[in-house]
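*Asks:* Mind folding the following:
(2 chains)
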Number of protein chains: 2
Amino acid sequence: MIKNDLFLRALKGEPVERPPVWMMRQAGRYLPEFMAIREKYDFFTRCQTPELASEITVQPIRRYGMDAAILFSDILVVPQAMNIQVEMKPGVGPWLPEPIRSQKDVDRVVVPDVTQALGYVMEAVKATKELLCDEVPLIGFAGSPWTILCYCVQGQGSKNFDKAKEFCFTQPLAAHTLLQKITDTTIAYLKEKVAAGVNAVQIFDSWGGMLSPEDYQEFSWKYIQQIIDTLTPLVPVIAFGKGCWFALEEMAKSKAAALGVDWTVSPKVARELTGHSITLQGNFDPVRLLSPPAVIKEMVTRMIDDFGKDRYIVNLGHGILPHVPTDHAKAFIDAVKDYAPA
Amino acid sequence: MIKNDLFLRALKGEPVERPPVWMMRQAGRYLPEFMAIREKYDFFTRCQTPELASEITVQPIRRYGMDAAILFSDILVVPQAMNIQVEMKPGVGPWLPEPIRSQKDVDRVVVPDVTQALGYVMEAVKATKELLCDEVPLIGFAGSPWTILCYCVQGQGSKNFDKAKEFCFTQPLAAHTLLQKITDTTIAYLKEKVAAGVNAVQIFDSWGGMLSPEDYQEFSWKYIQQIIDTLTPLVPVIAFGKGCWFALEEMAKSKAAALGVDWTVSPKVARELTGHSITLQGNFDPVRLLSPPAVIKEMVTRMIDDFGKDRYIVNLGHGILPHVPTDHAKAFIDAVKDYAPA
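*Replies:* Numbering: from 1, shown residues only, chains lettered A, B, ... in the order given. As a prediction, the model looks like this:
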């Protein structure tokens, strides 16, 4: 059904002629055509207007021809739908004016009817599927419950999310209640996305690496697993945990179709930690996209050699940076398309 | 000569009745007596006035009786001495009004005569040694060259130090020239500290974990090794790399007396990665000091059981947070002093 099914085949672990490639945050600020839309519409307008979200989603595919599209949206639309106010403050980023700090705050959080509260996302999925004409698969995504909790409690981005961790460590019951509410919402949300047409989903655990291995199991992985277990019969699930190298061995035992890794894990170590058994995705250092294009090409080729062309999806180890030149992004994608084994 | 030599014995790998304990940033903002001094004198006045620096250094020893003191100072006194302007902006932290972005900028950086430019630190060491009366050893420290470069190029703290990495990736020759200048200054600086009386030194590589394993070797570890190789005949050297789990195997092969680890590395994995051969230091999650004191005690006891009481120095995995209650810090120290093997 999907014409270019490299990405879906890699998720199944099937042999491919070359690995598929996409980039985290590929629909974003490094693209002039994105900036043109961004000048006219604010962040949540872009997320909530299916015509805009779908147009933004396909922009990088048109320009570079990645092997998968990822829906333009934000992980914080989920807490927003749960009765938690989320704003985007220019120069600050996510801003939650009433952060959650107590059981009473948690009690006010709702598990919404996602078809109502997040219906605009499903409309965006449908609009995107039309624009894509089955050329490449569409990825839907959600933040991990722990990462969502981080923002809900901290109230904004942070170097160490100390308030979020303090909340978990001093009020674990309230924290677990909140995590379960986020998990339930996320599961319903992703199921709806699948029904609307996404071909795979990715869980972003951007802040899992702030936790010790033990705390990670308790406050993050346990909930990601619920999501994987519920979604896997419906769709392949990719679990990406930034800084979560210490949990890779455990994660590889899950039903996830693939695991995302960041650039602190070498391909060799990533394969060893995951028992050479699961599809891996990553892990180019986003700042390395500022290297000269010839260096990018050489590094990408070596990265594929090191991961191996099968059971592998080429990606960055985190989101693309806004000031990456467009021809450097092109060098990254082209290096994969031109890949020939050493 | 030093009455309590637990810390020095652990650094030599000698068996001890219980592991020694100190805390990164133990002379700091969680202490009311520190805050009283902080209200009267600004940051660099505190660093540059030997009476203040030495008084601040011994404050935590008086209150808690840690097994080692660490000189109150800052890693950024080194670039300051190298003709790079460094300020402390309230609410922002380190602020360098003229960040280094080119070879021309690097050319303006000097390798100073440290006895002149940093003589005040040596005076602080001597004043502290007098106050300590040989009760416990005194640790001197420096930032790793890479971590110092991070601030010099970025101009301030950062989530990802993208500008610092971009500088290294796009102007590697200029970056290496700067790294070598910082290394030369740091070696001269630490030698002087040893001459002034410190009993051990620690290298803080706070931002090494931002790099890929390969880039870490090129831009960070290579220079830390120069420092270790030159200082080791004079004094035991501790290398602490936050987020540098991926380099532990390599680091364990160096002449460092001990390696610091953060809380993302379990004791078991840390021992495995370092071949059970070197003294390890760490790795309590600083935010876990906000847990109830009984939980802290139980967790510290388990941490010692897991690392083993020998070749081990109890510490946090990063600096203590300003809002930790003093009785929680006490619970941490007391748990080590009361340690009895399981």
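*Asks:* what about the strands in the stretch 1-150 of chain A?
*Replies:* Along the stretch 1-150 of chain A, counting by DSSP state E, counting those that start in this stretch, strands occupy A:69-70, A:87-89, A:93-95, A:138-143.
*Asks:* Give me the contact list for the first one.
*Replies:* Meaning strand A:69-70. The contact list for strand A:69-70 (Cβ atoms under 8 Å, 6 or more residues apart in numbering or on different chains) reads A:22, A:24, A:26-27, A:57-58, A:60-61, A:128, A:132, A:136-141, A:202. C-beta: built from backbone N, CA, C; applies to glycine.
*Asks:* Can you list the strands that it pairs with?
*Replies:* strand A:138-143 (parallel) (DSSP bridges).
*Asks:* Give me the contacts around the partner strand.
*Replies:* Residues from elsewhere that reach strand A:138-143 (Cβ under 8 Å, 6+ apart): A:22, A:57, A:68-71, A:73, A:75-76, A:78, A:125, A:128-129, A:132, A:186, A:189-190, A:193-194, A:197-206, A:227, A:238.
*Asks:* Tell me the gap between that strand and the middle of its chain.
*Replies:* Put simply, strand A:138-143 sits 6 Å off its chain's centre (Cα atoms, centre = their mean, to the nearest Å).
*Asks:* Could you do stretch A:75-85 as well?
*Replies:* Per Cα atoms, centre = their mean, the displacement of stretch A:75-85 from the mean C-alpha position of its chain is 17 Å.
*Asks:* just checking, which of the contacts of strand A:138-143 belong to helices?
*Replies:* A:57, A:78, A:125, A:128-129, A:132, A:186, A:189-190, A:193-194, A:227 (DSSP state H).
*Asks:* Of the residues you listed, just the buried ones, PyMOL syntax please.
*Replies:* Applying 16 or more other Cβ atoms under 10 Å in any protein chain shown to the ones in helices among the contacts of strand A:138-143, the buried members can be selected in PyMOL as follows:
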select buried, chain A and resi 57+78+125+128+129+132+186+189+190+193+194+227
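*Asks:* will you turn the ones in helices among the contacts of strand A:138-143 into a markdown table that also has distance to residue B:255?
*Replies:* Formatted as a markdown table, the ones in helices among the contacts of strand A:138-143 follow (distance: Cβ to Cβ, whole Å):
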| residue | distance to residue B:255 |
| --- | --- |
| A:57 | 53 |
| A:78 | 50 |
| A:125 | 57 |
| A:128 | 57 |
| A:129 | 60 |
| A:132 | 57 |
| A:186 | 49 |
| A:189 | 54 |
| A:190 | 52 |
| A:193 | 54 |
| A:194 | 56 |
| A:227 | 47 |
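*Asks:* Distance to chain B for the ones in helices among the contacts of strand A:138-143 - can I get that in TSV?
*Replies:* Formatted as TSV, the ones in helices among the contacts of strand A:138-143 follow (distance: Cβ to the nearest Cβ, whole Å):
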residue	distance to chain B
A:57	25
A:78	22
A:125	30
A:128	29
A:129	34
A:132	31
A:186	24
A:189	27
A:190	27
A:193	29
A:194	32
A:227	23
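*Asks:* Columns pLDDT on top of the ones in helices among the contacts of strand A:138-143, output as CSV?
*Replies:* Shown next, in CSV, are those (pLDDT from 0 to 100):
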residue, pLDDT
A:57, 98
A:78, 98
A:125, 98
A:128, 98
A:129, 98
A:132, 98
A:186, 98
A:189, 98
A:190, 98
A:193, 98
A:194, 98
A:227, 98
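*Asks:* And the ones in helices among the contacts of strand A:138-143, which is closest to residue A:99?
*Replies:* Nearest to residue A:99 out of these is residue A:78 (Cβ to Cβ; 15.8 Å).
*Asks:* any idea which of the strands of the stretch 1-150 of chain A is most buried?
*Replies:* Among the strands of the stretch 1-150 of chain A, strand A:69-70 has the highest mean neighbour count (mean count of other Cβ atoms under 10 Å in any protein chain shown), at a mean of 26.
*Asks:* Please state the offset of it from the chain centre?
*Replies:* Chain-centre distance of strand A:69-70: 10 Å, with Cα atoms, centre = their mean.
*Asks:* mean confidence score for it?
*Replies:* Across strand A:69-70, the average pLDDT comes to 98.
*Asks:* Show me what from the stretch 151-300 of chain A comes close to chain B.
*Replies:* Within the stretch 151-300 of chain A, the positions adjacent to chain B are A:157, A:159-160, A:162, A:165-166, A:169-170, A:209, A:211-215, A:243, A:245-246, A:263-266, A:269, A:285, A:287-288, A:290-292, A:295 by Cβ under 8 Å from any Cβ of the partner chain.
*Asks:* Pull up the gap between residue A:107 and residue A:172, please.
*Replies:* Distance, residue A:107 to residue A:172, using Cβ to Cβ, to the nearest Å: 16 Å.
*Asks:* out of everything not next to it in sequence, what's closest to the closest residue to chain B within the stretch 1-150 of chain A?
*Replies:* In the stretch 1-150 of chain A, the residue found nearest to chain B is residue A:93; the distance is 10.0 Å by Cβ to the nearest Cβ. Nearest non-adjacent residue to residue A:93, counting by Cβ to Cβ, 6 or more residues apart in numbering or on different chains: residue A:157, 5.0 Å away.
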